[in-house]
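J.: Output the structure for:
(one chain, ligands or ions: 2)
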Amino acid sequence: MYLTKEEQRTLDGEYGETLRKAIEILVALGDIYGADSLIPIKSAQIAGVSYKTIGDAGLEWISDLEGKVRVPAILNPAGMDLLRWKEMGIEQNFATKQQEIINAYESLGIRTKCTCTPYYLEGFNAGLGDHLAWSESSAVSYANSVIGARTNREGGPSALSAALIGKTANYGYHLDEMREPVIAVTVDCELSDSDYGALGYIAGKAIGSRVPIFFLKGEPSNDELKTLGAALAASGAVALYHVNGVTPEAVRSNFEKPHENITIEKQQIKDVYEASAEFTQGKLNTDIITIGCPHCSPGELKYIAELLEGKSIKKEMWVCTSREVAQRCADHVNIIEKSGAKVVCDTCMVVSPAANNYQAMMVSSGKALAYVPSMCKVAARYGSIEQCIKEAGITHEN
Ligand SMILES: C[C@@](O)(CCOP(=O)(O)O)CC(=O)O
Ligand code: SF4
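T.: Ligands and ions are numbered 1, 2, ... in the order given. Next up is the predicted model:
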């Protein structure tokens with residue numbers, strides 16, 4: 001891989017051990033994947049924040065680093081709401097370790113905003129063709145597919161290295177030829193809201209890590225595309241998808257329909273909503289409802305507030321979002337919290353150990369449906385946002 005003189009000096013350790021280690025990781029990845037050079041990035045989003053997923057080894061690795069990031073960088077969700085962790089049932093020891101991780105990242109100049117939806121934050125707007133180093137799989141999918149920016153699915157260490165160097169290796173989804181669709185997915189029915197998460201949940205398994213192009217009957221909103229992409233990345237490993245006539249590169253490039261095609265039927269979407277026998281036979285009772293995987297947009301918070309206005313709910317319910325979006329939507333947040341639901345910031349139902357305290361979770365996300373059973377050891381069932389709120393049990397209505 002070609003390195004500039006400056007990059008070579010960094011690799012030789014002239015600017016210290018942290019930058020040497022960081023560029024070594026980028027060069028190693030570039031050599032493995034055949035990159036020709038390093039290219040500048042606009043921003044970084046760094047995974048590996050929850051103490052639940054990185055543990056003491058991760059904390060130690062980050063704490064040993066020195067210096068400051070060269071591009072705007074933020075974090076993936078942590079294991080707790082950084083302010084209201086006690087209310088979530090998080091233990092003191094976990095909270096202390098979690099805060100140490102946040103402090104270690106902060107000392108590297110990383111903004112301690114913990115979210116998988118960086119594209120809603122001030123200073124993180126990305127545009128068509130921008131090169132990024134983002135980690136969280138749904139954020140990667142949204143950046144590539146909905147925005148038309150370019151990022152590989154970075155691991156925590158490689159995104160952090162890219163942030164410190166301000167560059168990433170030029171391979172994979174940074175290149176035009178890797179962004180062309182190779183499989184078509186035809187959907188033969190109209191879809192709305194959580195149907196897109198169900199579609200992603202089904203289609204991801206068949207697509208694996210390939211680039212699909214969807215042929216849909218309607219035109220999904222950006223929130224629906226977010227839901228689709230998150231599920232595709234979780235049940236499969238899709239980092240980029242196109243929707244014919246909708247997503248920016250499909251509109252500009254007018255791709256030819258690939259030869260391989262899979263068709264998804266209405267019944268397959270409906271099946272995702274069918275709860276398992278354990279739920280229907282009453283052996284499992286939903287004891288927590290979670291919405292906001294990926295983190296809620298302002299529009300989703302507004303919709304949830306409309307459904308909950310003037311009502312009280314019986315069951316534990318979390319609405320997950322970023323702190324910045326929650327602050328921007330304070331009125332909607334107040335309405336949601338008045339109902340008894342919690343607007344949980346900085347974390348989510350998958351990366352917080354607090355989720356493990358429950359037995360059965362109802363989710364409105366195809367991604368959460370795929371991950372909650374394995375990552376939290378909690379049974380999960382699927383429903384639309386409206387069905388989730390109904391399941392929370394409305395006790396009174398004004
Ligand atoms: C499940 C996921 O959304 C959260 C876990 O991330 P982390 O490694 O704890 O930052 C990761 C992903 O899908 O990229
Ligand atoms: S599991 Fe869902 S809410 Fe949690 S970080 Fe991933 S996309 Fe975001």
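J.: Just the buried positions in the top helix by length along the chain, please.
T.: Longest helix in the chain, counting residues (DSSP state H): helix 17-33. Within helix 17-33, the residues scored as buried using 16 or more other CB atoms under 10 Å are 18-19, 21-23, 25-27, 29-30. Any C-beta I mention is one placed from the backbone N, CA and C, and that applies to glycine too.
J.: Tell me the gap between it and the middle of its chain.
T.: 25 Å (CA atoms, centre = their mean, to the nearest Å).
J.: so after that helix, what's the next helix or strand?
T.: Using DSSP states H and E, the helix or strand that follows helix 17-33 towards the C-terminus is strand 38-40.
J.: Can you name the residues that contact the closest residue in space to Val71 that isn't next to it in sequence?
T.: Distances taken as CB to CB, 6 or more residues apart in numbering put Gly166 closest to Val71, at 5.0 Å, once the chain neighbours are dropped. Taking CB atoms under 8 Å, 6 or more residues apart in numbering, we find Gly166 in contact with 40-41, 69-71.
J.: Near ligand 1, which residues of this protein are found?
T.: Counting by CB under 6 Å from any ligand atom, the chain comes close to ligand 1 at 47-50, 53, 76, 116, 136-137, 350-351, 371.
J.: Including pLDDT, could these go into CSV?
T.: What follows is the residues of the chain next to ligand 1, written out as CSV (pLDDT from 0 to 100):
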residue, pLDDT
Ala47, 98
Gly48, 97
Val49, 98
Ser50, 98
Thr53, 95
Asn76, 98
Cys116, 98
Glu136, 98
Ser137, 98
Val350, 98
Val351, 97
Tyr371, 97
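J.: just checking, which of these belong to strands?
T.: Within these, no residue falls in strands by DSSP state E.
J.: follow-up on the earlier one: which strands and helices lie in contact with the longest helix of the chain?
T.: Under the contact criterion of 3 or more CB pairs under 8 Å, 6 or more residues apart in numbering; DSSP states H and E, helix 17-33 touches helix 5-11, strand 38-40, helix 156-165, strand 167-169.
J.: burial measure for the residue in the stretch 101-250 of the chain positioned nearest to ligand 1, as a count.
T.: Nearest residue of the stretch 101-250 of the chain to ligand 1 (CB to the nearest ligand atom) works out as Ser137 at 3.5 Å. A total of 22 residues lie near Ser137 under the criterion other CB atoms under 10 Å.
J.: correct me, but it touches Ala234?
T.: Yes: between Ser137 and Ala234 there is a contact under CB atoms under 8 Å: 6.8 Å.
J.: before we move on, the earlier item: quick check on the nearest residue to the residue of the stretch 101-250 of the chain closest to ligand 1 once chain neighbours are set aside: phi, psi?
T.: Closest residue in space to Ser137, ignoring its immediate chain neighbours: Ala233 at 3.7 Å, by CB to CB, 6+ apart. Here is the backbone geometry of Ala233 (degrees, to the nearest 10): phi -80, psi -20.
J.: Check Asn125 and give its pLDDT.
T.: Looking at Asn125, its pLDDT stands at 89.
J.: quick one: it from Pro118, how far?
T.: Asn125 is 9 Å from Pro118, where distance means CB to CB, to the nearest Å.
J.: same check, this time on Glu6
T.: As judged by CB to CB, Glu6 and Pro118 stand 28 Å apart.
J.: How about Pro353?
T.: Remark: distance between Pro353 and Pro118 (CB to CB) = 24 Å.
J.: same deal with Ala237?
T.: From Ala237 to Pro118 the distance is 20 Å (CB to CB).
J.: circling back to that earlier point, with pLDDT as extra columns, can I get the buried residues of helix 17-33 in JSON lines?
T.: Shown next, in JSON lines, are the buried residues of helix 17-33 (pLDDT from 0 to 100):
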{"residue": "Thr18", "pLDDT": "97"}
{"residue": "Leu19", "pLDDT": "98"}
{"residue": "Lys21", "pLDDT": "97"}
{"residue": "Ala22", "pLDDT": "98"}
{"residue": "Ile23", "pLDDT": "98"}
{"residue": "Ile25", "pLDDT": "98"}
{"residue": "Leu26", "pLDDT": "98"}
{"residue": "Val27", "pLDDT": "98"}
{"residue": "Leu29", "pLDDT": "98"}
{"residue": "Gly30", "pLDDT": "98"}
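J.: would you turn these into CSV with distance to Cys388?
T.: Below are those laid out as CSV (distance: CB to CB, whole Å):
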residue, distance to Cys388
Thr18, 44
Leu19, 46
Lys21, 44
Ala22, 42
Ile23, 46
Ile25, 40
Leu26, 41
Val27, 46
Leu29, 39
Gly30, 44
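J.: any idea which of these is closest to Ala275?
T.: Closest approach between these and Ala275, by CB to CB: Leu29, at 42.1 Å.
J.: burial measure for the residue nearest to the closest one when sequence neighbours are not counted, as a count.
T.: Leaving aside its sequence neighbours, Leu29 sits nearest to Ala169 (CB to CB, 6+ apart; 5.2 Å). Ala169 is flanked by 27 other residues according to other CB under 10 Å.
J.: Ala169 pairs with what?
T.: Counting by DSSP bridges, Ala169 is bridged to Leu38.
J.: give the contact list for it.
T.: Per CB under 8 Å, 6+ apart, neighbours of Ala169: 1, 26-27, 29-30, 33, 35, 37-39.
J.: Those: which ones sit near ligand 2?
T.: Answer for these near ligand 2: none qualify (CB under 6 Å from any ligand atom).
J.: right, so of the helices and strands packed on helix 17-33, which gets closest to Gln359?
T.: Among the helices and strands packed on helix 17-33, the nearest to Gln359 by CB to CB is helix 156-165 (30.6 Å).
J.: Alright, that wraps it up for me.
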